[in-house]
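*Asks:* Just to be clear, the model below is a prediction. Sequence and coordinates:
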Amino acid sequence: MLNTNVFAETTVSSTLQRALNRFRDNSIAMIGFWFFLGFVLLALFGPLIAPYPLDFQTDNLFQPPSWNQSGHVDNFLGTDDLGRDLLSRIIYGCQLTFGGGLVVVLVAALIGIPIGVFSGMSKGIKASILHHVMDTALSIPSLLIAIMVVSFLGPGLENTLIAIALAQIPQFIRFTYIAVSTEVQKEYITAIRLDGATNYRIIKNGVLPNIADSIIFQISRSFSSSLIDITALGFIGIGAQAPLPEWGAMLGGSKDLLFSAPWTVTLPGCVIMMSILSVNMVGEGLRQAMLEGVD
């Protein structure tokens, strides 16, 4: 049927829709997104996808990957020194490392961002005290804070996640504080305030939409840092403990096998690198898409 309306209006996409369209046009960001989505699916449904149970062992110790002449397709990525299927352990480990890092960054963001927004909107002694406390906390590297907390709580994956979350919260508070305090000094915020807007309305309609790209950047950076910290603590033996297939613990337990069975070290290391790259690619792609909309 013909459209008789000659004055049809052009549909204007929302700001979010335009940002998503720009993100989809970024091929590098989309590659990172598909890898990121794959890691999320493995973290959620890893036990259902893994070809073998976690405690599965064979008599074929140090079986190389299937593309090797001595390898077999039944163990696609080979086996380790105890005959455990490496592909299954990497898939199970995604739930511990990648899923653990995602939980850590979400908890840190949910706690740190509101406190940062509150401190950025505050003035006087409250903002000054919080500002100096955060400067003191950020002068210590997050990995060192995590090591100190784990040393106090004891080794283990749960204590590792708690320690890294405690180390990430001050970074969210400080970053959000700087972004909010810089934004509230701009002229349009002054105009909104003179118009009688409440602090809630200023935050919701003025501050948060304009610092969303900065928050996304901080989330992606903290996520990458959390993955590095989880694997680092597992590698040095104070994080996840054997026989948990956490990627860093797998690296630490196989470091002596680098020359005799190099796939037990290189494959978990490659997975760690790919997960961190995917997080950074997605975060940078989202930030660029939102910044182009502002420009």
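*Replies:* Yes, it's here.

*Asks:* going forward, measure contacts and count neighbours with C-alpha atoms only.
*Replies:* Will do.

*Asks:* Give the other helices and strands that the strand or helix carrying residue 218 contacts.
*Replies:* Assigned by DSSP states H and E, residue 218 belongs to helix 208-236. Using 3 or more CA pairs under 8 Å, 6 or more residues apart in numbering; DSSP states H and E, the elements in contact with helix 208-236 are helix 86-121, helix 142-153, helix 157-183, helix 247-254, helix 263-294.

*Asks:* and it with helix 263-294, angle?
*Replies:* Between helix 208-236 and helix 263-294, the angle comes out at 170 degrees (axes from the mean of the first three to the mean of the last three CA atoms, to 10 degrees).

*Asks:* Now do helix 208-236 against helix 247-254, angle only.
*Replies:* Going by the same axes, to 10 degrees, helix 208-236 makes 20 degrees with helix 247-254.

*Asks:* and among the helices and strands packed on helix 208-236, the most buried is which?
*Replies:* helix 247-254 (a mean of 25; mean count of other CA atoms under 10 Å).

*Asks:* So which elements touch that helix?
*Replies:* helix 86-121, helix 208-236, helix 263-294.

*Asks:* Tell me which residues touch residue 286, please.
*Replies:* Residue 286 makes contact with 19, 20, 23, 29, 213, 216, according to CA atoms under 8 Å, 6 or more residues apart in numbering.

*Asks:* quick one on the thing from earlier: which among the helices and strands packed on helix 247-254 is found nearest to residue 196?
*Replies:* Closest to residue 196 of the helices and strands packed on helix 247-254 is helix 86-121 (CA to CA; 15.9 Å).

*Asks:* Which strands and helices lie in contact with the closest one?
*Replies:* Short answer (3+ CA pairs under 8 Å, 6+ apart): helix 86-121 packs on helix 27-49, helix 125-138, helix 157-183, helix 208-236, helix 247-254, helix 263-294.

*Asks:* In a markdown table: the ones you listed, plus mean pLDDT and distance to residue 190.
*Replies:* A markdown table is the format used below for the helices and strands packed on helix 86-121 (pLDDT from 0 to 100; distance: least, CA to CA, whole Å):
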| stretch | mean pLDDT | distance to residue 190 |
| --- | --- | --- |
| helix 27-49 | 94 | 36 |
| helix 125-138 | 67 | 19 |
| helix 157-183 | 89 | 10 |
| helix 208-236 | 90 | 15 |
| helix 247-254 | 91 | 49 |
| helix 263-294 | 89 | 20 |
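
*Asks:* Quick one: the ones you listed as CSV, columns for distance to residue 80 too.
*Replies:* Below are those laid out as CSV (distance: least, CA to CA, whole Å):
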stretch, distance to residue 80
helix 27-49, 19
helix 125-138, 40
helix 157-183, 22
helix 208-236, 17
helix 247-254, 8
helix 263-294, 6
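
*Asks:* Ok, which of the ones you listed comes nearest residue 150?
*Replies:* Closest to residue 150 of the helices and strands packed on helix 86-121 is helix 157-183 (CA to CA; 6.0 Å).

*Asks:* that older thread, of all the helices and strands packed on helix 208-236, which lies closest to residue 36?
*Replies:* Judging the helices and strands packed on helix 208-236 by CA to CA, what sits closest to residue 36 is helix 263-294, at 5.4 Å.

*Asks:* That'll do, ta.
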